[in-house]
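Visitor: Whatever this is, show me its structure:
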Amino acid sequence: MEYEILKEKYKRFFYHSYKIEQDEQTIYLKYHFEIEGLASFQPVLKILKKDFEWKHLDSNLVKNIAFHIGLIEAMSYWKPTCSPYFQIKCGKLEKKQIEWFKKLMYLGLGEFRYRNKIQTSQEDFVQMITQGDVLKPEILKDGLTDIIIPIGGGKDSNVTLELLKQATQNRFGFRMNLEEVSRKCAQTAGLSENEIIEVKRNIDSNLLTLNQKGFLNGHTPFSALIAFLTYFTAVTLDKKYIALSNEDSANESNIKGENINHQYSKTIEFENDFRFYVKKYICPNGPEYFSMLRPINEVQIAKLFSELEAYHPIFKSCNIGSKNETWKWCCNCAKCLFPYIILSPFLDKEKRIRIFGEDLFEKKELLQTFIELCGYAENKPFECVGTYEEVRFAVSKAIQDNNGELPFLLKYYQDNFEMLDGDILKYYNENNNLPKEFNQILRRKIFAC
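Guide: Predicted coordinates:
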């Protein structure tokens, strides 16, 4: 369905309410959204209590965070029609807050806009109308300790888990939607069940029905939801740090010459915006949100991960394979080919095949994806993958290190593109938010390598 028709027909989206409820085992974050004249939605986020001591659940501070989680979750339910008026009935935002969310919606839904051919400006994309009580920032009285580490199951969060074994703070994992791969990664890192925070996200079936009927659909800034959810858990558990695993490479656009980034909510720009927002509008002395891997690139992360052999049979990042009952590498997508490429300078062919199941450099059907990853097509795949420079470096190194006949994709690169010289393994980006202790841990590891 066309954007202009839908937004004209369904003019108003409502964020009606949010609730925090609990029983002996679970904390429930419940939301009520509505596209006027089309559908109502009541999604739920479930946080397992386990043996944690959950605090402040009745406080205005925690209610404020829960309200903000709803603002992020609402994007998934607003996007089927892109209603021009986004009416918030359960909380009042200042003008600067509205501008902050309009920026997040515009850039965080950049891929969605591109795929649905939506031509609009940040100012005109949506108009937000707010009413209800003003939610004021509050100071935390209790001292904060320890680190929360979101675990997705890919190589990056596993590197962070291992690096932060050296920290003076205790580590706690954070898992969303409870895939078994992330549990195994957490256990391999030495975390017990009571050191893993677990959240289950229930999508309202009415949204899935609209998707099936052909309403607008596409990528939303999932990492922004993780940001506010981990902040919620950090505040209620008195945790001091939230250590993401977003690398410097996340800042590169997927479309050349345009600011369209599949990974927008993993960029340093969003990280800085989020840090500013929570300190000003939620809690001035709250948990510190940062990315442990921000100073380094994907090649350096691959080198660190290549040494973590216990994770090699476990880790997964393939979105297609995650839909199977047992999460597997599908070996036919960018999310499989990219880690295969980036690990190739550090793991020999036999080790790569043990991980992925086959030699992806021999797959002719991956040629177009390979060209896109290398930066010789109009777009980079809309996935969480590295920069063109990182891919070209890894491919060039794999060609140089090859002792026999080159496999199909490497030979294609050698015959058609330029080899990349230089050494990006010595890179370190000072534009980061790492606390001093963590900066020292990462520096020592990188320069020791």
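
Visitor: Just confirm G173 is within a strand.
Guide: Yes. The assignment for G173 by DSSP: H, G, I helix; E, B strand; the rest coil puts it in a strand.

Visitor: For this protein, which residues score under the pLDDT cut-off?
Guide: By pLDDT under 70, the weakly predicted segments of the chain are 321-325, 449.

Visitor: Domains in it, by residue range?
Guide: With domains defined by automatic domain parsing, the chain comprises 3-291, 303-426.

Visitor: will you turn those into a markdown table that also has distance to E437 and mean neighbour count?
Guide: (Each C-beta comes from the backbone N, C-alpha and C, glycine too.) A markdown table is the format used below for those (distance: least, CB to CB, whole Å; neighbours: other CB atoms under 10 Å):
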| stretch | distance to E437 | mean neighbour count |
| --- | --- | --- |
| domain 3-291 | 6 | 18 |
| domain 303-426 | 18 | 17 |
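
Visitor: ok, G153 - contacts?
Guide: E179, V181, S182, C185, F315, K316, S317, W327 (CB atoms under 8 Å, 6 or more residues apart in numbering).

Visitor: OK, contacts around the last one?
Guide: Listed by CB under 8 Å, 6+ apart, the contact partners of W327 are G153, E179, E180, V181, K316, C318, G321.

Visitor: Can you report phi and psi for I20?
Guide: In terms of degrees, to the nearest 10, the main-chain angles of I20 are phi -110, psi 120.

Visitor: just the contacts of G153 now: which is nearest P221?
Guide: Lowest distance from P221 to the contacts of G153 (CB to CB) belongs to S317, with 18.3 Å.

Visitor: surely that closest one meets K335?
Guide: Yes. Under the criterion of CB atoms under 8 Å, S317 makes contact with K335 at 5.3 Å.

Visitor: Return the residues in contact with the residue lying closest to D401 once chain neighbours are set aside.
Guide: Nearest non-adjacent residue to D401, counting by CB to CB, 6 or more residues apart in numbering: P345, 6.8 Å away. Listed by CB under 8 Å, 6+ apart, the contact partners of P345 are V299, A302, K303, F393, A394, K397, A398, D401.

Visitor: Now, those that are in helices?
Guide: Using DSSP state H, the members of the contacts of P345 that fall in helices are V299, A302, K303, F393, A394, K397, A398, D401.

Visitor: Looking at those, spot the one nearest L208.
Guide: For the ones in helices among the contacts of P345, the nearest to L208 is A302 (36.0 Å; CB to CB).

Visitor: contacting residues for C318?
Guide: Counting by CB under 8 Å, 6+ apart, C318 touches W327, K328, W329, C330, C333, K335, C336.

Visitor: Any figure for the gap between the first one and L48?
Guide: From W327 across to L48, the span is 20 Å (CB to CB, to the nearest Å).

Visitor: so T230 makes contact with F172?
Guide: No. In this structure, T230 is not within contact of F172 by CB under 8 Å, at 10.2 Å.

Visitor: any shared contact partners between these two?
Guide: If you check T230 and F172 against CB under 8 Å, 6+ apart, the residues they both contact are I148.

Visitor: ok, back up a step: from the contacts of W327, which ones fall inside helices?
Guide: Counted as lying in helices by DSSP H, out of the contacts of W327, are E180, V181.

Visitor: Can you pick out the most distant pair from the contacts of W327?
Guide: So for those, where distance means CB to CB, the most widely separated pair is E180 and C318, at 14.3 Å.

Visitor: could you dump the host helix or strand of R275 to CSV, C-alpha only?
Guide: Element membership for R275, per DSSP states H and E: helix 268-281. Taking C-alpha atoms only, helix 268-281 is exported to CSV below (Å, rounded to 0.1, in the frame of the first residue of the first chain):
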residue,chain,number,x,y,z
ILE,A,268,28.0,6.9,18.1
GLU,A,269,25.5,9.7,17.2
PHE,A,270,22.6,7.7,18.8
GLU,A,271,24.8,6.7,21.7
ASN,A,272,25.6,10.3,22.4
ASP,A,273,22.0,11.4,22.0
PHE,A,274,20.8,8.7,24.3
ARG,A,275,23.3,9.5,27.0
PHE,A,276,22.3,13.2,26.9
TYR,A,277,18.6,12.4,26.9
VAL,A,278,18.5,10.1,29.9
LYS,A,279,20.7,12.5,32.0
LYS,A,280,18.6,15.5,31.2
TYR,A,281,15.1,14.0,31.2
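
Visitor: what lines up beside whichever helix or strand comes after that helix in the sheet?
Guide: Per DSSP H and E, the first helix or strand lying C-terminal to helix 268-281 is strand 288-291. Using DSSP bridges, the strands paired with strand 288-291 are strand 239-244 (parallel).

Visitor: Taking helix 268-281 as reference, get the angle to the strand it pairs with.
Guide: For strand 239-244 against helix 268-281, the angle by axes from the mean of the first three to the mean of the last three CA atoms, to 10 degrees is 160 degrees.

Visitor: Other residues contacting strand 239-244?
Guide: By CB under 8 Å, 6+ apart, strand 239-244 touches 144-150, 160, 164, 169, 172, 223, 227, 230-231, 233-234, 266, 271, 287-293, 435, 438.

Visitor: Next step: the residues you listed restricted to strands.
Guide: Of the contacts of strand 239-244, the ones assigned to strands by DSSP state E are T145, D146, I147, I148, I149, P150, F172, E288, Y289, F290, S291.

Visitor: any chance of those in JSON lines, plus distance to S192?
Guide: JSON lines is the format used below for these (distance: CB to CB, whole Å):
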{"residue": "T145", "distance to S192": "17"}
{"residue": "D146", "distance to S192": "14"}
{"residue": "I147", "distance to S192": "15"}
{"residue": "I148", "distance to S192": "15"}
{"residue": "I149", "distance to S192": "14"}
{"residue": "P150", "distance to S192": "18"}
{"residue": "F172", "distance to S192": "10"}
{"residue": "E288", "distance to S192": "24"}
{"residue": "Y289", "distance to S192": "25"}
{"residue": "F290", "distance to S192": "25"}
{"residue": "S291", "distance to S192": "25"}
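
Visitor: hey, what's in contact with both of S317 and K335?
Guide: Common neighbours of S317 and K335 (CB under 8 Å, 6+ apart) are C384.

Visitor: just so I have it, where are all the strands in the chain?
Guide: Taking DSSP E, the strands of the chain run over residues 12-22, 26-35, 39-41, 44-48, 85-88, 127-130, 145-150, 171-176, 196-202, 239-244, 288-291.

Visitor: now the first one, how far from the chain's geometric center?
Guide: Spelled out, that is strand 12-22. Taking CA atoms, centre = their mean, to the nearest Å, one finds strand 12-22 lying 24 Å from the centre of the chain it belongs to.

Visitor: Other residues contacting that strand?
Guide: So strand 12-22 is contacted by 27-36, 49, 54, 57, 62-63, 66-67, 69-71, 74, 77-78, 81, 83, 85-90 (CB under 8 Å, 6+ apart).

Visitor: State the number of residues packed around F447.
Guide: F447: 9 surrounding residues under other CB atoms under 10 Å.

Visitor: Do a quick rundown of the helices in the stretch 51-200 of the chain.
Guide: Under the criterion DSSP state H, counting those that start in this stretch, helices of the stretch 51-200 of the chain are mapped to 60-78, 95-108, 110-115, 155-163, 180-188.
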